[in-house]
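Colleague: structure for this input, please:
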Amino acid sequence: MKKCNLKYILVEKNQVDKFKSSHETWLNNDTITADHTGLTLFELHWNDTDVNLILPDKKENYGKEKMNNCISSLNSNEEKAKKSLDVRFQHCLAYVLHTSGTTGIPKIVRVPHTCIVPNIQHLRILFEITQEDILFMASPLTFDPSVVEIFLALTSGASLLIVPSAIKMLPLKLATVLFHHHHVTVLQATPTLLRRFGSQLIKSSILSATTSLRVLALGGEAFPSLSVLRSWREEDNKTKIFNIYGITEVSAWATCYRIPEEDLSSALGVESPVQLGFPLLGTVVEVRDANGLTVREGEGQVFLGGEKRVCFLDDEITLPFGTMRATGDFVTVKGEAMFFLGRQDSQIKRHGKRINIECVQQVAERICQVESCAVIWYHQERLILFVVTKDGLVKDGVLGELQKHLPSYAVPDDIMVIEALPFTSHGKIDVSELTKIYFNYINLKSSSNLKGKEELWERLQYLWKSSLRLLEDPLEVSKDSLFLSNGGDSLKSLWFSNEIENLVGRSIPGLLEVILNCSVLDIYYYILQAVFPDEDTPLNRSNGTKRKFSVMNKGEISGKYVDQKSGSPVNSGKEQNAFIALSRGNQILFVNVSESLKNSLSMRQTGTKLEKYPSTSSDLSSSEESSFVQNMTSKSPLTIIQKMDGAEEISSVLKISEDETSMRASARIKLRVRWKSNTGKCVDASPLMAILLLNQLSATVYIGSHSHRIQAVDLYSGKVKWEQILGDRIESSACLSHCGNFIIVGCYNGLIYVLRNSNGKIHWMFATKDTVKSSATVDPSTGLIYVGSHDHHAYALDIYKETCVWKSDCEGTVFSSPCLSLAPHHLYIATLKGVLLALNPTTGNRVWTHSCGKPLFSSPQYSLQYVLVGCVDGNLYCFNHMGQLVWQVSTNGPIFSSPCISDLMKQEIFFGSHDCFIYCYNMEGHFQWKFETTASIYGTPFTFHNHNLSSEMLLAAASTDGKLWILDAKRGQLQTVHKLPGEVFSSPVVWQSMLVVGCRDDYVYCLDLLGVTEK
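Modeller: The predicted structure is shown next:
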């Protein structure tokens, strides 16, 4: 108080004794108490220890004169500070507030006269305040809009209505006092305070056709939607409605916008956003992006200030004129208008998607039966909607409406119907009180045990319908219904599993895979056994329904599907073709390639050490090697786009010489579509590239889609070489056999297909008992193919003898792909039960197992020392080859992405998460960097080297919103980004300067990585 030379202070009545005891040196017993406000006013003098009597009645006029003198002398004081505002100047400060601030950190805000006076002057003109007006003091003195209310009245000769707090708490009585007894004409309030009246009372009293209210200014929170405003207004209402916006740190308001009458009275009900409006007198409004650059069009954060519209925060003594404050509020700029998006602390990431909880609230408000509502992010885990309803609306109806208008990741986890919303003394939603309400609710719910099997079945059906958006279906859920067949997916299954565990109050191991694989009746029995283990419950799952597959004996398969011209099995060791098979996460298989050429290729392509990658026998001669390396240099020129006169001229540059260093230094990277191939439906599988080292670098991309089709596409031209239609949709990525003659791919119908790589004809099929999403891997030492299935088994297949060598029960759905380590010779399998297994690749016997507790969608990857896998619990786990957990690191979302390991970069690990970040750790588990994208990362990153583009290792990754990101792998710095038309769940694969990836717009894309220079 002394630091800012405080003159006057108001103290709440119940705090007076404490205040006196703390500051008795400066105070005497003469004070003025305003009984009807519960406040006591003190005056302080810091030049001596005596305190004068504070504004006795006989000195009231003197006090007013003193305030006027403060304001009138403002200009002369300002001239003393040529370049800055100094808090120590006499009459500088008007008042002091304590606020939580935009960052949530409590702060002292000292407000100069030069900051607040222009607000009052401008709003008085905009609201056309006269001595005939009656203003309601809706704000408490601790909230800076109260200063505007007080001085709008005092400077205009208008009346200021002050109502006891007890009346403010009773909406019906308050409405009567304001609009029937005192006929208030100007109301400044938060939207929450207005909502407390309820829509019916607002329409009949506040915004009626005969209301006394001339001006309604709403601020301090997100402005209501136009549809809600229309529902509040009675026909022929003439109240002028304003959207006012500001922050306490630049007290009090910064912008103002009057809602046009045509928008409020539109019979069309067009739902358009309400803009923030124009800056008030002396205020400067800027919108900046994350780099601090001004945004002319698009999204950014609001910064407020002005030459003298500035306040002192905490210990600040001087401030340069023109100081700007970050607000924490984000807007989108369209032309000259700004539209509010939400606060920084209202932006949350849920299921890997960024959502604004205020937008969820606005959607809920539009439901006609909702009186008022609020949304909280409970413990940063659950999205909870609180609703005050009209006519006793049940929450099922609210949830059903929300599911129609919100994406699945934005639908609240729970809905609570309450009688009234709690609010703070400032008239805003009391989030802490809502948190307490929900905390008590879930404690009560968890303490009330399920009454029995009947209640479990009933509530399970409700959760089933909720997760699948089937709440409006009046029929009982069929007992043989399957989750995936009814529109379920991985995110919905996670929600369903979590809700079941919340319902029963305990964790149920293995529940997720039961949800994905079994009927609702099987799920019910599984839960029943976990919750009521002593009851006699049927456990034979044959009573329920699983996915149905057509079972064919070998004769039927041979007669109907197999290419009869294929003849005897191919001998894997005598082929002359030399191949490289390149797949997601830098997985490379060398087929008939010599050691020296492997080293050259691996370092050129991924910078990886040779011993990490499997290979088969080598038949390529040294002369052929030399020819190939020469071809690779001459046949893969870098394309440079030079911008000339606004046009793009394409030229090929074979090599960047030392003389061209300056051009290279200014080069940047760009992605441009080289070709795209229509597969007919979503492409979630990742591409397999098979590069034939002879024959002028012939290269083929193999990829399947939901359309049941698998295509072989020429990498360079995009021409479809062949296309084969399989029995169901394909999410499995293809695998090349170790002889290079066959392509192996799994299918939704439970079959594993072996296709000839030359023409796509079926050589052999093997039937599992459930869906195959797992991608196969090949053992280069034996030629065996390893693959997992949703039937809980891993299989070792000899495609040459057309037989299953072994199958191993993994006790859980195998969704991801097996990982083969050559030293030690282990096969690593991850399951949706959360178990990582190490199997003997020769026998299928278990070497060790480790339970991670939560499902593993990620495929394990290995290095010389470790094996790594991502988990739904948000952790990346690192084990040694003996099964001991070495370290784990955490993210803020589930990890579906498989780790990518780059040896050139000291075996650094790259992976993505649902929290939208790409992470880099070293092999000891030490954090290196992370990069934030705009959506979840499902696929696996890919590291590659291209000296024409960069001297550093590069990294490619895809986010689910369709964006392809190229980063500097060493530092995580963005090099370029390219947006595809659809979502991307596929993992990118890069060869030379070409990137291939699948997209959910039905296409597989090949994009050129281009060096771009400005000329």
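
Colleague: give me the pLDDT for Val331.
Modeller: Listed pLDDT for Val331 reads 90.

Colleague: can you tell me the closest non-neighbouring residue to it?
Modeller: Met338 (4.5 Å; C-beta to C-beta, 6 or more residues apart in numbering). Yep, even glycine has a C-beta here, placed from its N, CA and C like the rest.

Colleague: avg pLDDT for stretch 233-252?
Modeller: Stretch 233-252 carries an average pLDDT of 92.

Colleague: for stretch 383-394, same thing?
Modeller: 78.

Colleague: which stretches in the stretch 651-800 of the chain count as strands?
Modeller: Assigned by DSSP state E, counting those that start in this stretch, the stretch 651-800 of the chain shows strands spanning 668-678, 688-692, 698-704, 709-714, 720-725, 735-736, 742-746, 751-756, 762-767, 777-778, 785-788, 793-798.

Colleague: which one of those lies nearest to Leu582?
Modeller: strand 688-692 (4.3 Å; C-beta to C-beta).

Colleague: show me what whichever strand or helix holds Val360 is in contact with.
Modeller: Secondary structure from DSSP states H and E places Val360 in helix 357-365. By C-beta atoms under 8 Å, 6 or more residues apart in numbering, the surrounding residues in contact with helix 357-365 are 222, 224-225, 228, 342-343, 346, 348, 370, 372-377, 383, 385, 387, 398, 402, 405-406, 410, 412.

Colleague: out of the residues you listed, which are buried?
Modeller: When the contacts of helix 357-365 are checked for burial by 16 or more other C-beta atoms under 10 Å, the buried set is 222, 224-225, 228, 342-343, 346, 348, 370, 372-377, 383, 385, 387, 398, 402, 406, 410, 412.

Colleague: go through these and flag which are in strands.
Modeller: 342-343, 348, 370, 372-377, 383, 385, 387 (DSSP state E).

Colleague: which one of these sits closest to Asp86?
Modeller: Arg343 (31.9 Å).

Colleague: just list the residues touching the closest one, thanks.
Modeller: Contact analysis of Arg343 by C-beta under 8 Å, 6+ apart lists Thr102, Gly328, Asp329, Phe330, Glu358.

Colleague: check Tyr828 too.
Modeller: Pro818, Cys819, Leu820, Ser821, Leu836, Leu837, Ala838, Leu839, Pro860, Tyr862, Val867, Val869.

Colleague: helix, strand or coil for it?
Modeller: Here Tyr828 is strand, with the state taken from DSSP: H, G, I helix; E, B strand; the rest coil.

Colleague: for Thr192, same thing?
Modeller: Classification of Thr192 using three-state DSSP returns helix.

Colleague: what's the neighbour count on it?
Modeller: Thr192 is flanked by 21 other residues according to other C-beta atoms under 10 Å.

Colleague: quick one on the thing from earlier: most neighbours, which of the contacts of Arg343?
Modeller: Within those, most neighbours by other C-beta under 10 Å means Asp329, with 22 neighbours.

Colleague: how near is that one to Ser986?
Modeller: According to C-beta to C-beta, to the nearest Å, Asp329 stands 37 Å off from Ser986.

Colleague: now tell me which helix or strand of this protein has the poorest mean pLDDT.
Modeller: strand 647-653 (a mean of 31; mean pLDDT, DSSP states H and E).

Colleague: what count of nearby residues applies to Ile588?
Modeller: 20.

Colleague: give me the mean pLDDT for the particular helix or strand that has it in it.
Modeller: Using DSSP H and E, the element containing Ile588 is strand 587-592. Mean per-residue pLDDT for strand 587-592: 80.

Colleague: also stretch 983-1002?
Modeller: Per-residue scores along stretch 983-1002 average to 93.

Colleague: thinking again about what came up before, format the contacts of Tyr828 as JSON lines; extra columns: secondary structure and neighbour count.
Modeller: Shown next, in JSON lines, are the contacts of Tyr828 (DSSP: H, G, I helix; E, B strand; the rest coil; neighbours: other C-beta atoms under 10 Å):
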{"residue": "Pro818", "secondary structure": "coil", "neighbour count": "26"}
{"residue": "Cys819", "secondary structure": "strand", "neighbour count": "24"}
{"residue": "Leu820", "secondary structure": "strand", "neighbour count": "20"}
{"residue": "Ser821", "secondary structure": "strand", "neighbour count": "20"}
{"residue": "Leu836", "secondary structure": "strand", "neighbour count": "24"}
{"residue": "Leu837", "secondary structure": "strand", "neighbour count": "24"}
{"residue": "Ala838", "secondary structure": "strand", "neighbour count": "23"}
{"residue": "Leu839", "secondary structure": "strand", "neighbour count": "24"}
{"residue": "Pro860", "secondary structure": "coil", "neighbour count": "26"}
{"residue": "Tyr862", "secondary structure": "strand", "neighbour count": "22"}
{"residue": "Val867", "secondary structure": "strand", "neighbour count": "24"}
{"residue": "Val869", "secondary structure": "strand", "neighbour count": "27"}
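
Colleague: what ranges does the stretch 351-500 of the chain have for its strands?
Modeller: Taking DSSP E, counting those that start in this stretch to define them, one finds strands in the stretch 351-500 of the chain at 353-356, 370-378, 382-389, 414-417.

Colleague: of all those, which one is nearest Ile691?
Modeller: Across the strands of the stretch 351-500 of the chain, Ile691 has its closest neighbour in strand 353-356 (36.7 Å, C-beta to C-beta).

Colleague: how deep is Glu454 tucked in, by neighbour count?
Modeller: Glu454 has 9 nearby residues by other C-beta under 10 Å.

Colleague: what is the end-to-end distance of stretch 714-722?
Modeller: 10 Å (C-alpha to C-alpha, to the nearest Å).

Colleague: please tell me how far that stretch is from the chain's geometric centre.
Modeller: 36 Å (C-alpha atoms, centre = their mean, to the nearest Å).

Colleague: ok, residues contacting it?
Modeller: Under the criterion C-beta under 8 Å, 6+ apart, residues 674-677, 689, 691, 698-701, 711-713, 759-760, 991, 994, 996, 1006 lie in contact with stretch 714-722.

Colleague: enumerate every residue touching the nearest residue to Tyr1003 once chain neighbours are set aside.
Modeller: Nearest residue to Tyr1003, sequence neighbours excluded (C-beta to C-beta, 6+ apart): Lys676, at 4.4 Å. In this structure, Lys676 makes contact with Gly718, Tyr1003, Val1004, Tyr1005, Cys1006, judged by C-beta under 8 Å, 6+ apart.

Colleague: number of residues surrounding the first one?
Modeller: Counted with other C-beta under 10 Å, the neighbours of Gly718 add up to 16.

Colleague: need the pLDDT of it.
Modeller: Per-residue pLDDT puts Gly718 at 93.

Colleague: and it, how far is that from Lys670?
Modeller: In terms of C-beta to C-beta, Gly718 sits 19 Å off from Lys670.

Colleague: circling back to that earlier point, in the contacts of Lys676, which residue is surrounded by the most others?
Modeller: With neighbours taken as other C-beta under 10 Å, the top of those is Tyr1005, carrying 27 neighbours.

Colleague: please put the alpha-carbon coordinates of the strand or helix carrying it into CSV.
Modeller: Element membership of Tyr1005 [criterion: DSSP H and E] is strand 1003-1014. Extracted in CSV, the C-alpha atoms of strand 1003-1014 (Å, rounded to 0.1, in the frame of the first residue of the first chain):
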residue,chain,number,x,y,z
TYR,A,1003,-6.1,-42.2,-52.3
VAL,A,1004,-2.5,-43.3,-51.8
TYR,A,1005,-0.2,-40.3,-52.4
CYS,A,1006,3.4,-39.9,-53.6
LEU,A,1007,4.9,-36.5,-52.9
ASP,A,1008,8.2,-35.1,-54.1
LEU,A,1009,10.5,-33.5,-51.5
LEU,A,1010,11.7,-30.4,-53.3
GLY,A,1011,14.4,-27.9,-52.6
VAL,A,1012,13.0,-24.3,-53.1
THR,A,1013,15.1,-21.2,-53.5
GLU,A,1014,14.0,-17.6,-53.8
